[in-house]
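Chemist: Need a 3D model of the sequence below.
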Amino acid sequence: MSEELLRVLARALVEKPDKVVVTRVQREGINMLMLEVAPEDVGRVIGKQGRIIKAIRKVVRTTGGPAAKGLIVEVVSR
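Modeler: Here you go, the predicted model:
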């Protein structure tokens, strides 16, 4: 559920929505969602002073239920 929500939000923001890939990774007991976008779209997803990515993280955590409470969202360029 959280992966699909993140994918929809990211595709709405970027110029190359076909390059958006979301994968769930678990590292050292921490659940992470890796958001991969085209290099030219990284700034669009992060926003000025990180405002957009902060808002995305908050939406994903609050709508994901109890399982998403400790979820970390990271942005990576492809």
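Chemist: Leu13 is in contact with Val45, isn't it?
Modeler: Yes: checked against Cβ atoms under 8 Å, the pair Leu13 and Val45 is within contact range at 5.8 Å. C-beta: built from backbone N, CA, C; applies to glycine.
Chemist: Could you check which of these two has the larger neighbour count?
Modeler: Set Leu13 next to Val45 and count neighbours by other Cβ atoms under 10 Å: Val45 wins out with 20 against 17.
Chemist: ok, now which ones touch the more buried one?
Modeler: Shown in contact with Val45 (Cβ atoms under 8 Å, 6 or more residues apart in numbering): 10, 13-14, 35, 37, 52-53, 56, 75.
Chemist: In contact with the spatially closest residue to Leu13 that is not a sequence neighbour, which residues?
Modeler: Closest residue to Leu13 apart from its sequence neighbours, by Cβ to Cβ, 6 or more residues apart in numbering: Arg44 at 5.2 Å. Going by Cβ under 8 Å, 6+ apart, Arg44 touches 13-15, 37, 52.
Chemist: burial count for Val20?
Modeler: With other Cβ under 10 Å as criterion, Val20 counts 22.
Chemist: An error on my part: the question was meant for Ile30.
Modeler: Ile30: 10 neighbours (other Cβ under 10 Å).
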